[in-house]
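Undergrad: Curious how this folds, go ahead:
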Amino acid sequence: MSERAIRNGIRERLRGEVGRPPLRDERFKVVALYPSPYAVGMSSLGFQTIARLVGEHPGVSCDRAFLPNDPAVWRVSRVPLFGYESGEPVRSARVVAVSVAYELEVQGLIEALDLAGLEPLAAERGPNDPLVLAGGPLTFSNPLPLGPFVDAVILGEAEDLVGPTLDALLGASSRREALDALERLPSTWIPSRHGERLPALAVAGDSWLPAHSPIVTPGAELASMALVEAERGCSRGCTYCVMRRENRGPMRLATVDRILARIPAHARKVGLVGAGVSDHPAIVEVVSRLADGGRSVSLSSLRPDRLDDAFVGALARAGAQSLTTAVDGASERLRLQVKRGGKTEHLRRAAELARAHGLGRLKLYVMLGLPGETDDDVDELADLATDLSRRCPVSLGVAPFVSKRGTPLDGLPFAGIATITAGLRRLKSRLRGRAEVRPTSARWAWVEWVLAQGTMSEGRAVLDAWRAGGGFAAHREAFRRIARPRQRPVLGASP
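TA: Model (predicted):
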């Protein structure tokens, strides 16, 4: 593909965007980089929020860049990664601000930096290269694998720190002065100076709530959807979750009027975002008012014990075609073990409500490989899905359990690729087509687990794996070379 074709494709994406602010002509240029493709990045409320705040800061312009869908195409064309708004190379910016959602995007960051003509390792970049700053959801659990590739990381909720960070950088005349200034800011980790000692997470003031996405685009995974935050945090204590109340404090609510005020008048599709959005006490009112205004509504999380006739009815009026909630544990025993609120009776009720309100499918998310899981637990899941399918068509989204730092299940081993694969095989066999099963990769879940439990050494291993082709086998070999007895990889049978 030629450079002209690449640039024309991006111009076509930009023409589809609504609400994009103009790029200001300021001397201090920042590129907001998302280390996954455009469709994913533009469905990230956090990425859009930070890009907006950076672009509104006096004296600063903010461009956007994304990992290409097919990086190999860019390599063949020899086009350096460039900003969407300016068309200028990412490496010409003063700062590259990266939002990282989860562990597997570490390789995306390496790829994006290389495509930009920047050395992936921070220690190998020169004084004229942009500073690379990171933030995002990954910082709530374990940002250590990012350490080798970034100059600094803002941990936690970054809204209150965007202004002070930019002011510090605007006043610095050298890279050293910039790092000196960043080091004085709270919740800012500088790997080259702090090693693996992490500061406390930032907590933004409630005045920032609710976050909202300024840009609506048909090119996002959440196509043409305006995103708005209904709440922040979670009222629950699920032991596998980084956002549990014991970690982040009580759930913080946005008022109904503030939620509705953040939705652009042109938006016909609205996504209500939050770790526990269905626990908002006024969620039915919010959905109903949006439906009454002719808008369709999607929610990022639905707790089965919160679903009742009024709630599901409001979702149906707001254009829902299916009902999505989480099982999480394969059996009720496991759900109780991880302090998950939903019980079998709630899931049965959800299926009945979906049918009663004309929703075509019940979508359930479940984890396999929780501690202590047995074949009996998997069989119970199959029996439950079979039972639910008599009420409403069922789809199971199955993901392996990955223990995260900062949770009560931190440090637990991965169940093993062979174990997860056997569980999936058993589940599919027992269901015999009664429910659709959509699994995520057990192999890449293992890679995610190694990074979730890892350090900067594991980050450097991702670079080795990327240089060796970036596939699973390359990651396995790179991690084996650095495996410590405390967290030796659990692969199960040879995949």
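
Undergrad: what about this structure, any weak spots by pLDDT?
TA: The model of the chain has pLDDT under 70 over residues 483-495.

Undergrad: what about 80?
TA: 1, 245-249, 301, 341-342, 483-495 (pLDDT under 80).

Undergrad: so how far is A445 from the spatially most central residue of it?
TA: With distances taken as CA atoms, centre = their mean, A101 lies nearest the centre of the chain, 3.7 Å away. From A101 across to A445, the span is 15 Å (CB to CB, to the nearest Å). C-beta: built from backbone N, CA, C; applies to glycine.

Undergrad: The residue nearest to the centre of the chain against G136, yeah?
TA: Yes - using CB atoms under 8 Å, A101 makes contact with G136 at a distance of 5.8 Å.

Undergrad: what is in contact with those two at once?
TA: Common contacts of A101 and G136 (CB atoms under 8 Å, 6 or more residues apart in numbering): G46.

Undergrad: what about the strands in the stretch 101-250 of the chain?
TA: 131-135, 152-154, 188-189, 225-229, 231-232 (DSSP state E, counting those that start in this stretch).

Undergrad: right, so those: which one is the most enclosed?
TA: Stretch with highest mean neighbour count among the strands of the stretch 101-250 of the chain: strand 152-154 (a mean of 27; mean count of other CB atoms under 10 Å).

Undergrad: Name the strands paired with it and say parallel or antiparallel.
TA: Applying DSSP bridges to the sheet, strand 152-154 is found paired with strand 131-135 (parallel), strand 188-189 (antiparallel).

Undergrad: rewinding a little: contact partners for the residue nearest to the centre of the chain?
TA: Contacts of A101 by CB under 8 Å, 6+ apart are 36, 44, 46, 136-138.

Undergrad: one more time with 7 Å, if that's ok
TA: Applying CB atoms under 7 Å, 6 or more residues apart in numbering, we find A101 in contact with 44, 136-138.

Undergrad: Confirm for me that R94 is in contact with N128.
TA: No - if you go by CB atoms under 7 Å, R94 and N128 don't touch, sitting 10.2 Å apart.

Undergrad: out of these two, which sits in the busier spot?
TA: R94 (18 against 7; other CB atoms under 10 Å).

Undergrad: In this structure F47 contacts A97, no?
TA: No - if you go by CB under 7 Å, F47 and A97 don't touch, sitting 9.5 Å apart.

Undergrad: Any chance of JSON lines for the strands of the stretch 101-250 of the chain, columns distance to P22?
TA: Below are these laid out as JSON lines (distance: least, CB to CB, whole Å):
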{"stretch": "strand 131-135", "distance to P22": "24"}
{"stretch": "strand 152-154", "distance to P22": "26"}
{"stretch": "strand 188-189", "distance to P22": "30"}
{"stretch": "strand 225-229", "distance to P22": "19"}
{"stretch": "strand 231-232", "distance to P22": "29"}
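
Undergrad: For F28, find the nearest of those strands.
TA: F28 sits nearest to strand 131-135 of all the strands of the stretch 101-250 of the chain, at 11.3 Å, using CB to CB.

Undergrad: Report the beta-bridge partners for V273.
TA: In beta-bridge terms (that is, DSSP bridges), V273 pairs with E229.

Undergrad: any idea how far A399 is from it?
TA: Per CB to CB, V273 is found 20 Å from A399.

Undergrad: same question, F472
TA: Distance from F472 to A399, by CB to CB: 16 Å.

Undergrad: Contact partners for the residue of the chain most remote from its centre?
TA: Relative to the centre of the chain, the most outlying C-alpha is that of S173, 34.3 Å out, by CA atoms, centre = their mean. Going by CB under 7 Å, 6+ apart, S173 touches no other residue.

Undergrad: hmm, who's touching the helix or strand where F479 lies?
TA: In the assignment (DSSP states H and E), F479 maps to helix 472-482. For helix 472-482, the surrounding residues in contact (CB under 7 Å, 6+ apart) are 443-444, 447, 450, 457-458, 461, 464-465, 468, 489.

Undergrad: Pick out the most distant pair among these.
TA: Taking CB to CB, the two most distant members of those are R443 and S457; they sit 20.7 Å apart.

Undergrad: before we move on, the earlier item: wait, which of the strands of the stretch 101-250 of the chain is closest to K428?
TA: Counting by CB to CB, K428 lies closest to strand 225-229 out of the strands of the stretch 101-250 of the chain; the figure is 32.2 Å.

Undergrad: Excluding chain neighbours, what is closest to P137?
TA: In space, and not counting its chain neighbours, P137 is closest to A101: 4.9 Å by CB to CB, 6 or more residues apart in numbering.

Undergrad: quick one: that neighbour from L45, how far?
TA: Distance, A101 to L45, by CB to CB: 11 Å.

Undergrad: same check, this time on R467
TA: Distance, R467 to L45, using CB to CB: 33 Å.

Undergrad: now swap in L336 and tell me
TA: From L336 to L45 the distance is 32 Å (CB to CB).

Undergrad: Pick out whichever of the two has more residues nearby.
TA: L45 (19 against 12).

Undergrad: No more questions from me, cheers.
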